[in-house]
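Q: Next input, structure requested:
(2 chains)
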Protein chains: 2
Amino acid sequence: MEFQQLIEKHAATLTEAIEANATRTFYAHWPEPPSGKIYGETANDDGLAQFKNRLNKPFDGLLQQGSDGTVGEEQSPYGFPLGITYPTWSADTLAANANQAQKQWSRLSPADRAAVCIELLERAAAHFFEIGYATMHTTGQGFVMAFQASGPHAFDRALEAVAMGYAATTYFDYSQTWTKPMGKISVTLEKRFHAVPKGPNCTIGCSTFPIWNSFPGMFASLITGNVTIAKAHPQVIYPIALCVASFQQTLQDLGLDPHIIQLATDTITQPITFDIAKHPAIKLLDFTGSPSVGAEIEAIARTDGKPVFTEKAGVNTVIIDSVENLDAVLDNIAFSIALYSGQMCTAPQNIFIAKEGVRQGEEIIPYEQVVQRFVEKIDAMANNEKMGPGTFGAIQSEATVRRLQRAAELECTILRNAEPCKQPGFDNARSYSPFIAEVPMVRPDIYESEWFGPITFIIPVQSFEQALEQVYKSVKINGALTTAVYTTDEGRMAAAEESIIMAGAPVAFNFTGPIWVNQSAAFSDFHGAGANPAGNCSFADLSFVTNRFNVIGTRIKL
Amino acid sequence: MEFQQLIEKHAATLTEAIEANATRTFYAHWPEPPSGKIYGETANDDGLAQFKNRLNKPFDGLLQQGSDGTVGEEQSPYGFPLGITYPTWSADTLAANANQAQKQWSRLSPADRAAVCIELLERAAAHFFEIGYATMHTTGQGFVMAFQASGPHAFDRALEAVAMGYAATTYFDYSQTWTKPMGKISVTLEKRFHAVPKGPNCTIGCSTFPIWNSFPGMFASLITGNVTIAKAHPQVIYPIALCVASFQQTLQDLGLDPHIIQLATDTITQPITFDIAKHPAIKLLDFTGSPSVGAEIEAIARTDGKPVFTEKAGVNTVIIDSVENLDAVLDNIAFSIALYSGQMCTAPQNIFIAKEGVRQGEEIIPYEQVVQRFVEKIDAMANNEKMGPGTFGAIQSEATVRRLQRAAELECTILRNAEPCKQPGFDNARSYSPFIAEVPMVRPDIYESEWFGPITFIIPVQSFEQALEQVYKSVKINGALTTAVYTTDEGRMAAAEESIIMAGAPVAFNFTGPIWVNQSAAFSDFHGAGANPAGNCSFADLSFVTNRFNVIGTRIKL
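A: Below is the predicted model:
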């Protein structure tokens, strides 16, 4: 089976993506604005109508065989049940389907697979608006963010993985006539090198970024020759089910086995995740989610000798040392912590500020004033009915609300209580403004663990050096997805860069304006360093793809 | 510290090696013949004199600090004690030295590191002849093999790892001005990406290929920014000590910390290997050796979360189905099993031949005749005083002699007993001709484990298909470094290629003449598939280097 036409159709996209990946330049294949001018004037209305039409009925469109029941317990964080039911499959059925499909997918060349992967993404991109609404009403994200995170940004990260995997599987020339000169004689061999896939992948998704965090592992697996199973979080099935249904239809249209990409579903009380992870047919695991479940998945992988790629959680830190414009800095940080109520794995949690204050040009702004102005920024956002609700979104999980309650009972100075936030049109939405507290350095028992959700700690320090030492330790011990440092001092910038990079986390300096530390751009920013306890992999460096296949040679004496 | 001159000096070598690596074409930087015309007319005599001069005294030349004792229990397999003593260091001392040196080595650029690595190799190559004699009289290899395996071939594998690691650490552009267009505005960041080393490596060497199997892990670690400790096998220290002494001198000459490359020594009864492997300062492990110790090292790596690269052992298989010229085939296989008395991890052990015989053109040569002619080939070699001793070499370990004795007691049909082999000039050499036995298919308890040494089993089968099924199973269960198939039938060749590659082992077809399945050429043949139980890595594919560093980014708002 060959895909010459498809290869030609997507050749420019693949070339551009490979080039962007290597140069780390700005590149986006799918535009991020949810704009009618780009996606069609009726695209938003159509997507919303499709969303409404899905509610309260069985999900259709999946071509996946062997279902033995139904599940479905999704609740919109905006306050209503989705009422959608999904078929469910046993681990054995998923594994049997995967093994069967693996035989076909293994035989395709890297070029074929790249072309098929891009076609899968292009056709699924037609559903961006419905995916956006599906994401909004499962994760609680505001619509614009849901559209971007599960649409163009996620699809770009998938394309990035495809480009990286294509580059890695084609790095070596796959056939060679090899002649060894041996004095008066020589010996000639025909050599062929095979990029042999490790075997079926399972990508275990999370409840907050069901597409963005799952596509990299799925497409890195696919491009390197492995079929994939997308295990959805039981409360956030709809967005990934929609993508998988589209993928399966495309695969069938191309004459391929739709089981090359499968969906796995379950319920909170009867999880299937560990059964799949342990199944001997499953050879590769990707995981995004909580540290406790992540540790179990890693343990299974270690025991079974399966490569595993994890993103768990960390404690993200900010140091404010010196600034050009404190307002611009505080605006930026305030937005970073408020966006989707701190439910991004990249959102800052701990902000270190010297007790003596923050230098702005020649002036020293006292610590108390910095903190007060920061809290005012959050208050302003919470009081802004146009900006606040869309920025905060809703709280995905009841557990996060309970965490907010626990935070309010901590022995620390509360600077700002979380208050319920009204989401227009959704009276029952689970939505809150951020909680902010001051915690002393001597209470690492409080701030040295992850407080997932709209919870921020401000920690006064003796000096920049003390803050940096603490950030270094925190990255090493707790892990981190991001760190941010504000300093106008070149020496401090250099010291922070060396220290934090060597600790194993990325660092963002002096972010102001429309760029936030939470953001991680496909083709340029590596997401997850793979070098600290927050996770063992990075979207998408070479090791994210090279550990999914082996290169094995055939030698033939001519 | 910059190495611009060194970079220019070795630029062509690096470029050629990268190109050869990617194209898998024939390439050798160091010529393999131990010839005076290449290496200087006195090189052999000088090397022998240097070897003799080392005996019975403390080994000098290492610049490594903190020794707290001496060790030395090497015995030449050719029948005399070397009497050399070596300093020894505790795991804590090695770790402290490594951590100190790591700070300096981390700061070098990939280009600097590549240039330094090539300079290290070029200067050490001046010792090829002494390394050859040191290898001969610790491993038992014949001199020509010892020269090639520990000299040019090993150094080429090191250069291969340097080229692969350089390509991987420079795959991404390491700085970028990134501008994101956002409608009427745009945002610009300066980005820097750092290839951050995982940290100090320990490469645990084996007793049969002390350089060839250790250099890949050491140089893959070095080029990706990690300092390395070469842990020598207690009975085979001399060859690697000589290389490390040369490396340390070169490092010092270049103004670098000689502890960037350290030697670790111990004794059989007081091993230090596990102390080093478990030491928290050691972040990367490479291992070649027995499956039992390898499993312990892998368990330590799993527990501690350290990347580990292993080559343990497998059961290598041959199928003889149909041939153009049976004599040429049997000559080739006979040499493969006889070379260094089957003490190569790539040497065949089990030979499957159909009971109905082997097709040669139109003729069917009966099974009994094939076996008889094969045994005659070995007899001829054993009786050839010019060829036999140099090919067989000596038996490295007393345990292998005991294994030969156990083989002779097996319930099977002995076709040829191992007989003592006279090594001219070395009356006390531990040297034997190969043992060959016929084992029925129904006795997998005998042939489905590794019988390291000059032990070959011939297994009569019903059909080619049965043999192929058995080889597939054997690769999956026992692992394999090599497989060889002799068939003139295109359909069978295709079936064997698909089956064996998918099982996870390389396959060599119809090898005759001066090319043997045991051989694995740097820059072209991947050694160890990393896809079967014989080991988890491959010299030197992308994953052999990409798992030794992380890429971590800095973003600066401009």
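Q: Can you report how many residues lie near the residue of the stretch 251-400 of chain A found nearest chain B?
A: Among all residues of the stretch 251-400 of chain A, residue A:302 sits closest to chain B, at 4.6 Å; criterion: Cβ to the nearest Cβ. Glycine gets a C-beta too; all of them are placed from N, C-alpha and C. Residues contacting residue A:302 under the criterion other Cβ atoms under 10 Å in any protein chain shown number 16.
Q: what's near enough to touch it?
A: Neighbouring residues of residue A:302 by Cβ atoms under 8 Å, 6 or more residues apart in numbering or on different chains: A:308, B:302.
Q: Contact partners for the closest residue to residue A:504 other than its chain neighbours?
A: Closest residue to residue A:504 apart from its sequence neighbours, by Cβ to Cβ, 6 or more residues apart in numbering or on different chains: residue A:531 at 3.3 Å. Contact analysis of residue A:531 by Cβ under 8 Å, 6+ apart lists A:504, A:505, B:196, B:198, B:550, B:552.
Q: most neighbours, which of those?
A: residue A:505 (28 neighbours).
Q: would you say it is within a helix?
A: No: with DSSP: H, G, I helix; E, B strand; the rest coil as the criterion, residue A:505 is coil rather than part of a helix.
Q: quick one: it and residue A:535 touch, right?
A: No: using Cβ atoms under 8 Å, residue A:505 makes no contact with residue A:535, being 11.0 Å away.
Q: Between these two, which contacts overlap?
A: A:314, A:479, A:481, A:529.
Q: and the third one, what does it touch?
A: In this case it means residue A:481. A:311, A:314, A:316, A:345, A:346, A:505, A:527, A:528, A:534, A:535.
Q: what do you get for the second one?
A: With contacts taken as Cβ under 8 Å, 6+ apart, residue A:479 has the following neighbours: A:312, A:313, A:314, A:315, A:505, A:532, A:533, A:534, A:535.
Q: Weed out the non-buried ones from the residues you listed.
A: A:312, A:313, A:314, A:315, A:505, A:532, A:533, A:534, A:535 (16 or more other Cβ atoms under 10 Å in any protein chain shown).
Q: Strands of the stretch 451-558 of chain A, start to end?
A: A:455-461, A:483-486, A:507-509, A:549-557 (DSSP state E, counting those that start in this stretch).
Q: Output the helix or strand hosting residue A:399 as PDB, nothing but the C-alphas.
A: If you go by DSSP states H and E, residue A:399 is part of helix A:398-408. Presented in PDB, the C-alpha positions along helix A:398-408 are these (Å, rounded to 0.1, in the frame of the first residue of the first chain):
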ATOM      1  CA  GLU A 398     -14.400  19.000  42.900                       C
ATOM      2  CA  ALA A 399     -11.000  18.000  44.500                       C
ATOM      3  CA  THR A 400      -9.600  21.400  43.500                       C
ATOM      4  CA  VAL A 401     -12.400  23.200  45.300                       C
ATOM      5  CA  ARG A 402     -11.700  21.200  48.400                       C
ATOM      6  CA  ARG A 403      -8.000  22.100  48.000                       C
ATOM      7  CA  LEU A 404      -9.100  25.800  47.900                       C
ATOM      8  CA  GLN A 405     -10.900  25.200  51.200                       C
ATOM      9  CA  ARG A 406      -7.800  23.500  52.700                       C
ATOM     10  CA  ALA A 407      -5.700  26.400  51.600                       C
ATOM     11  CA  ALA A 408      -7.900  28.800  53.400                       C
END
